[in-house]
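Participant: next comes the sequence, and after it the predicted model I'd like to discuss.
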Amino acid sequence: MWTATAGNIKSKVDEKSLSKKYRTNVGRLIKAFKLGLSDQEIADRTGVKLSTIYLIKQDIELLHRRLRLAKKKQELAEAQTLGKHQIFFNPLIK
């Protein structure tokens with residue numbers, strides 16, 4: 001299981017459920033993604049359809065996007081509670 005962490009937020013790419021969903025070894029595909037292989041090369045080497053690889057990639061990217069958004073929200077909430085953010089005043093308001 002591959003894990004990505006952001007602050008107190010922990011997110012896991014559940015390779016087992018994705019493998020079951022797409023009926024392929026997602027762990028092997030993730031390793032190929034990390035090696036920098038193109039989608040076409042991965043499709044040729046694994047025998048997985050290019051459209052399936054695209055869908056798996058989308059699922060993983062969506063998970064990471066949600067993780068980054070949650071981290072950003074958490075940092076903003078912490079900054080607001082600690083008063084670390086700067087407030088800019090509009091000089092036109094009287």
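Facilitator: On my side now, so go ahead.

Participant: avg pLDDT for the lengthiest helix in the chain?
Facilitator: Secondary structure of the chain per DSSP state H: the longest helix is helix 50-82. Confidence for helix 50-82, expressed as mean pLDDT, is 89.

Participant: and stretch 20-39, by the same measure?
Facilitator: 93.

Participant: so for it, what gets flagged as buried?
Facilitator: The neighbour-count check on stretch 20-39 (16 or more other Cβ atoms under 10 Å) flags 22, 24, 26, 29-30, 32-33, 37, 39 as buried. Placement of C-beta: from N, CA and C, glycine included.

Participant: could you dump those to CSV with distance to residue 53 and secondary structure?
Facilitator: Putting the buried residues of stretch 20-39 into CSV (distance: Cβ to Cβ, whole Å; DSSP: H, G, I helix; E, B strand; the rest coil) gives the following:
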residue, distance to residue 53, secondary structure
22, 9, helix
24, 9, coil
26, 10, helix
29, 7, helix
30, 11, helix
32, 9, helix
33, 9, helix
37, 10, coil
39, 5, helix
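
Participant: okay, the residues you listed in CSV with distance to residue 48 next?
Facilitator: As requested, the buried residues of stretch 20-39 are exported to CSV (distance: Cβ to Cβ, whole Å):
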residue, distance to residue 48
22, 8
24, 5
26, 10
29, 7
30, 12
32, 10
33, 12
37, 12
39, 10
